[in-house]
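>>> Structural data only, the sequence is not supplied:
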């Protein structure tokens, strides 16, 4: 098989390219920009494009499949050439389905928690040496790539993103997977540039439920009222099983899961993570792993990259990095950290970076999301707003939206870093939340510096 990737440098795309190369396919690709770690990883396998940019000559009649990434545009010369030659053109979710249509597919969807739930299931299956394919949106310990496709694995575990599939396929990715086992963790409006109303956004999850294969299973969070409404209305002939928050306790900064008389210490924490664990257990039961075996394995789960990831710590200070950017994720992360480390001062720093978060009309969704933080900080870069062709925000609009007393607002990276430099981090948690990188900050390098300095709070 010969496969060509248009926009091979993307996070999901380059992982899929490597997976197909390892499967024995002949893989080529192109892109107009390729950053790390994609560049080094593609180079390792000899599939890094020799030249940057698009070239219609890359598209030849002997290509079996063209996989089109979201980074490409509809007028891409390689895409135009592929259409002229009547080649098979797939989005990457479409191709994942094509590769796994004869397998049992498990798809984890929801506005929050889907990466964590997918990671938990993968961790437990790997712990017991189960053979499975997968696609997950974060790098995990013990997994070289974020995508694996094989000939023989009977099961495929997919994180089900609700964002669009490709420039020429406007369907949400998770509509294409047709799961046998599905999970929905909750619904909280996001991606306002694609789903301009809450009702339109919710409807994507209704469609997903209807696409679960007949006779399949849907696990859904019973604490989410919107999910309850959708499940009650669906006419799809599937099992519908709700899940909630299991019993747990926090002792000396460690969360323990309680099952009857047994208590299992965990390396992760937060009410939402307890819910994530609960549904991961239910899925694993369907895949032949009983609860006791599951609890043993999940006790060794350390979390996914950028999901409450510890950058640095000492005896009384921890610096976390988290992917939280939407209102529901931000509130859940701030609450989880404060509940877990109640005796520590929480300094929560959040970057407005996504299209939705930088949209003035959406900003009000962030009301009270940082309520539990002792010190709240919001950063945004006016140049990013300009690049996204949005109306500029001012500091007062952000203050009004968050409704957080003494919230500190920064629009200059240097001033933000100076503020953190001058913070007294003794007996504190520094929580850094963004889907970006605070305009190019090396967070790991700075975390080492902040732990060492612990200067007086300015």
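Cool, got the structure. Here the structure is a predicted model, which is why all the values come from computation and not from measurement.
>>> drop to CA atoms for contacts and neighbour counts, all remaining ones
Noted.
>>> Where do the strands of the stretch 201-350 of the chain begin and end?
Along the stretch 201-350 of the chain, counting by DSSP state E, counting those that start in this stretch, strands occupy 217-221, 239-243, 248-251, 254-259, 262-265, 309-313, 318-322, 345-351.
>>> give me every residue that touches residue 402.
By C-alpha atoms under 8 Å, 6 or more residues apart in numbering, residue 402 lies in contact with 363, 364, 366, 367, 368, 369, 370.
>>> Separate out the buried members of those residues.
Buried by 16 or more other C-alpha atoms under 10 Å: 363, 364, 366, 367, 369, 370, out of the contacts of residue 402.
>>> Sort out which of the contacts of residue 402 are in strands and list them.
Of these, none are assigned to strands by DSSP state E.
>>> Which residue, neighbours along the chain excluded, lies closest to the residue of the chain most remote from its centre?
What lies farthest from the middle of the chain is residue 61; by C-alpha atoms, centre = their mean that is 36.1 Å. Spatial nearest neighbour of residue 61, chain neighbours left out: residue 85 (6.5 Å); criterion: C-alpha to C-alpha, 6 or more residues apart in numbering.
>>> In terms of secondary structure, what does the longest helix along the chain contact?
Ranked by residue count and defined by DSSP state H, the top helix of the chain is helix 271-286. If contacts are counted by 3 or more C-alpha pairs under 8 Å, 6 or more residues apart in numbering; DSSP states H and E, helix 271-286 sits against helix 114-127, strand 239-243, helix 291-298, helix 327-340.
>>> Pick the most buried one from the ones you listed.
Comparing these by mean neighbour count (mean count of other C-alpha atoms under 10 Å), helix 114-127 comes out on top with a mean of 24.
>>> Give the residue spans of the protein that score low on pLDDT.
454-458 (pLDDT under 70).
>>> mind listing what's buried in the helix or strand harbouring residue 414?
Here residue 414, judged by DSSP states H and E, is contained in helix 413-421. Residues of helix 413-421 classed as buried by neighbour count (16+ other C-alpha under 10 Å): 413, 416, 420, 421.
>>> okay, the angle between it and strand 345-351?
Counting by axes from the mean of the first three to the mean of the last three C-alpha atoms, to 10 degrees, helix 413-421 points 170 degrees away from the direction of strand 345-351.
>>> The helix or strand following helix 413-421 - contacts with which helices or strands?
Sequence-wise, the next helix or strand downstream of helix 413-421 (DSSP H and E) is strand 428-433. For strand 428-433, the elements it packs on are strand 318-322, strand 345-351, judged by 3+ C-alpha pairs under 8 Å, 6+ apart.
>>> Just send those strands back as JSON lines, with mean neighbour count and distance to residue 384 too.
JSON lines is the format used below for the helices and strands packed on strand 428-433 (neighbours: other C-alpha atoms under 10 Å; distance: least, C-alpha to C-alpha, whole Å):
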{"stretch": "strand 318-322", "mean neighbour count": "22", "distance to residue 384": "20"}
{"stretch": "strand 345-351", "mean neighbour count": "23", "distance to residue 384": "11"}
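>>> need those strands in a markdown table with distance to residue 38, can you?
As requested, those are exported to a markdown table (distance: least, C-alpha to C-alpha, whole Å):
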| stretch | distance to residue 38 |
| --- | --- |
| strand 318-322 | 21 |
| strand 345-351 | 24 |
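>>> Out of these, flag the one nearest residue 408.
With C-alpha to C-alpha, the closest approach to residue 408 among these belongs to strand 345-351: 9.2 Å.
>>> Mind giving me the packing neighbours of that closest one?
Short answer (3+ C-alpha pairs under 8 Å, 6+ apart): strand 345-351 packs on helix 327-340, strand 375-379, strand 428-433.
>>> okay, the ones you listed in TSV with distance to residue 395 next?
Formatted as TSV, the helices and strands packed on strand 345-351 follow (distance: least, C-alpha to C-alpha, whole Å):
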stretch	distance to residue 395
helix 327-340	18
strand 375-379	10
strand 428-433	19
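>>> right, and those - which one's nearest residue 214?
Nearest to residue 214 among the helices and strands packed on strand 345-351 is helix 327-340 (31.1 Å), distances taken as C-alpha to C-alpha.
>>> relative orientation of the closest one and strand 428-433 in degrees?
Angle of helix 327-340 versus strand 428-433, following the same axes, to 10 degrees, is 160 degrees.
>>> And helix 327-340, how far out from the chain middle?
16 Å (C-alpha atoms, centre = their mean, to the nearest Å).
>>> cool, stretch 7-22 as well?
17 Å.
>>> List the buried residues of that stretch.
Buried residues in stretch 7-22, defined by neighbour count with 16+ other C-alpha under 10 Å: 7-21.
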